[in-house]
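Chemist: this one's sequence-less:
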């Protein structure tokens, strides 16, 4: 009987592992980055389209920072495996610029969700000769 115990344990672990589900990352909710900026995504519809708001903690303008609307889209393809790629645009309410973000939602081994993103900010310039300084 002693020799059968390890086999039963291995068999139980193998059968039990089959029932584990993949942890899925949800964009819906409130997100805060390491600089203190925060965004809220209210809902993601069946097509992956979402909306929300963004409140930045950093800016290059001296204007008062205001809550700004965002609109985005999340990839719904079968290869996303619960950690989807996405993109969204923030139309800043307090400046003449707009920022696009693209990234992916990850779930770590402890089940904590993370958004990893990159961004481009486009500011308004008066003429095409100043185009070189419009994008950061």
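Modeler: Now that the structure is in, tell me what you want to look at. Keep in mind it's a predicted model, so treat the numbers as computed, not measured. Numbering: from 1, shown residues only.

Chemist: what pairs with the residue nearest the centre of the chain across the strands?
Modeler: The C-alpha lying nearest the average C-alpha coordinate of the chain belongs to residue 115 (C-alpha atoms, centre = their mean; 3.9 Å). Assessed by DSSP bridges, residue 115 has beta-bridge partners residue 105.

Chemist: if I read this right, it contacts residue 31, doesn't it?
Modeler: Yes. With contact defined as C-beta atoms under 8 Å, residue 115 and residue 31 form a contacting pair (5.9 Å). For glycine as for every other residue, the C-beta is placed from the backbone atoms N, C-alpha and C.

Chemist: follow-up on the earlier one: and the residue nearest to the centre of the chain, how far from residue 122?
Modeler: Noted for residue 115: a distance of 21 Å to residue 122, by C-beta to C-beta, to the nearest Å.

Chemist: now do residue 44
Modeler: Distance, residue 44 to residue 122, by C-beta to C-beta: 25 Å.

Chemist: same question for residue 68.
Modeler: Counting by C-beta to C-beta - residue 68 and residue 122 are separated by 14 Å.

Chemist: just the helices in this protein please.
Modeler: 4-18 (DSSP state H).

Chemist: hang on, the earlier thing: how near is the residue nearest to the centre of the chain to residue 78?
Modeler: Per C-beta to C-beta, residue 115 is found 21 Å from residue 78.

Chemist: and the pLDDT at residue 116?
Modeler: Residue 116 is assigned a predicted lDDT (pLDDT) of 96.

Chemist: give me the number of residues near it?
Modeler: Residues lying near residue 116 (other C-beta atoms under 10 Å) number 9.

Chemist: next: residue 36.
Modeler: For residue 36, the neighbour count with other C-beta under 10 Å is 10.

Chemist: so who does it touch?
Modeler: residue 57 (C-beta atoms under 8 Å, 6 or more residues apart in numbering).

Chemist: give me the local confidence score for residue 76.
Modeler: The model's pLDDT for residue 76 equals 87.

Chemist: mind listing what it touches?
Modeler: If you count contacts by C-beta under 8 Å, 6+ apart, then residue 76 has 47-48, 84 around it.

Chemist: go again with 10 Å.
Modeler: By C-beta atoms under 10 Å, 6 or more residues apart in numbering, residue 76 lies in contact with 44, 46-49, 84.

Chemist: no further queries at this time; thank you.
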